[in-house]
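J.: mind looking at a prediction? Sequence and model below.
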Amino acid sequence: MTSHHPELIDRVHSQRDLQPALYGRLDFDTPPFRFTVDPAVESALPSWVADRAPYLADERLVELMRTATMLGDVVADPYASLVETYGVPGLIRMLKTACRDGIDAVPDAPAELKDFIAVMETVPEWVDMGLVEQGARASRTAAAFLSPFVTRGAFLGTFINTYAALPMAVTGALSGRRAAVRVNETTSFFAVTTLPGALDRHGPGLEAAAMVRLMHSMVRVNALQRGRNWDAGVYGMPIPQVDQMPAGMINMYLIATMARRQGRTEFTRRERAVLEFTRYRAYLLGLPEELLPTTPQGVVDVFHARAATLRDDFTDEISGELVRSTMNAYLRPGHSRFDRTADSVERSVSKFAFVRAFCNGDEAKAATMSVTMTVGDRVRVALAGPFIMGRFILIARAYRRPALRALCDRYTIRTLHKRLATYGVPEFTTDAKHYPYR
């Protein structure tokens, strides 16, 4: 039988050779229970989003999803496995030093770190770096004026499937105060990568990507080696690349969906720049080229195919608890009247975004997932929504005028720095000592 993605399949199987102690309990030839192509089994693709049948009939897409469901990180995972030798602080310290000053600045750097940094330093041939900085500039407006109000809602979308959400539950990374830390870290990461030169070799965005990558790998290592409730036959690879793709490419999915509605088969020049920026950022996070298409239809297809082959499940013990803890998290740095008001507005807008994006506007369905829209939420959305969207649209349109572009960019960058100060200094860490292993 001919493979559609032979290189990706080889990469998946190479994991056992690279780390037999870590991946020995994984069966790379048998899909885990979470993966399904049975039309009688309900999937994570709602009927109101798309018809599932065409995706199940597409052998190329099905193979891609099955393969990527078992793909971890072939360079960051081996480095994370050194935790017993160096400890979490040691791994973080060496990685930060290598990102900022180069691998030669790390005394006696382990081979695993050298391999990790070598990949981070390599620009793949399939990325057009000439467009990356343009795409970052085009992405700043949303990062500064829109993302701060909807990221919590988008974050919730990653928890509505138990199979995809379990790694977060295992680590306890979204319980109590850590829920606020993780949401702010996520928002901070996507914001900092849009700053000028952030994804350059020694830029802050590249370092942030390496830290996020290490954090995900630490979760994999600890889930597979220490997680008492991690059933590899059911859940497969912890945080597989197929589950990282939606977060990394959500902006392009929204753009691609709009393009298809307009009858377009190609991205505009500006959209293409955003795409290249997004693809390069996703590559730095460990995603393979196969999950990063270049056309509107291709982007929509990988999103829908991933959902069409992911078994549907929402358990209150795992998904419900993660949603509630994230929804209840207080994200502001202080407790002044302004901070409390801003937190209330952001929380209400995030609820609204979640209901629209993941429940097709069905508030009753959202309530079953622990996201309840109150009268106060509706009032705050009605009052703040026009201002939030109005400012975003105004700045976005002003950017298109050459005479105003430099002024808008300075204002946007200044706003982004203020946002980053609000989010706090991201740690991008995870430590097995804090895992509940429920």
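T.: The structure has been received and is ready for your questions.

J.: and the gap between the residue minimising distance to the centre of the chain and Ser336?
T.: Nearest to the mean C-alpha position of the chain, counting by Cα atoms, centre = their mean, stands Ala247 at 2.9 Å. Computed as Cβ to Cβ, to the nearest Å, the Ala247 to Ser336 distance reads 31 Å. No exception for glycine: its C-beta is placed from N, CA and C like everyone else's.

J.: ok, now Pro107?
T.: According to Cβ to Cβ, Pro107 stands 45 Å off from Ser336.

J.: more neighbours: these two, which one.
T.: Ser336 (10 against 7; other Cβ atoms under 10 Å).

J.: give me the pLDDT for that one.
T.: If you check Ser336, the pLDDT there is 94.

J.: let's have the chain start at 22 instead
T.: Sure, I'll start counting at 22 from here, so that last one is Ser357.

J.: what distance do you get for it to Phe170?
T.: Counting by Cβ to Cβ, the gap from Ser357 to Phe170 is 19 Å.

J.: before we move on, what about His25?
T.: For His25 relative to Phe170 (Cβ to Cβ), the value is 40 Å.

J.: who has more neighbours out of the two?
T.: Each of His25 and Phe170 has its neighbours counted (other Cβ under 10 Å); Phe170 has more, 23 against 15.

J.: surely that one touches Ser371?
T.: Yes. Judged on Cβ atoms under 8 Å, Phe170 makes contact with Ser371 at a distance of 6.8 Å.

J.: where do the helices sit along the stretch 172-321 of the chain?
T.: 183-192, 198-213, 225-247, 253-256, 262-282, 290-305, 317-329 (DSSP state H, counting those that start in this stretch).

J.: now render the ones you listed as CSV, adding mean pLDDT.
T.: Converted to CSV, the helices of the stretch 172-321 of the chain look like this (pLDDT from 0 to 100):
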stretch, mean pLDDT
helix 183-192, 82
helix 198-213, 86
helix 225-247, 91
helix 253-256, 90
helix 262-282, 95
helix 290-305, 97
helix 317-329, 98
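
J.: of all the ones you listed, which lies closest to Gly406?
T.: Set against Gly406 and scored by Cβ to Cβ, those come closest in helix 262-282, at 17.4 Å.

J.: buried residues, that closest one. List them.
T.: For helix 262-282, the neighbour count (16 or more other Cβ atoms under 10 Å) marks 262-274, 276-277, 280 as buried.

J.: phi, psi of Cys380?
T.: Cys380 has phi and psi values of phi -130, psi 10 when expressed as degrees, to the nearest 10.

J.: pLDDT score for it?
T.: pLDDT, Cys380: 93.

J.: how many residues are close by it?
T.: 20.

J.: ok, now how distant is it from Gln36?
T.: In this view, Cys380 and Gln36 are 36 Å apart by Cβ to Cβ.

J.: next: Ala294.
T.: 34 Å.

J.: next one: Arg222
T.: 27 Å.

J.: can you check Thr183 too?
T.: 24 Å.

J.: excluding chain neighbours, what is closest to Asp364?
T.: Arg353 (4.7 Å; Cβ to Cβ, 6 or more residues apart in numbering).

J.: wait, Arg412
T.: Phe166 (5.5 Å).
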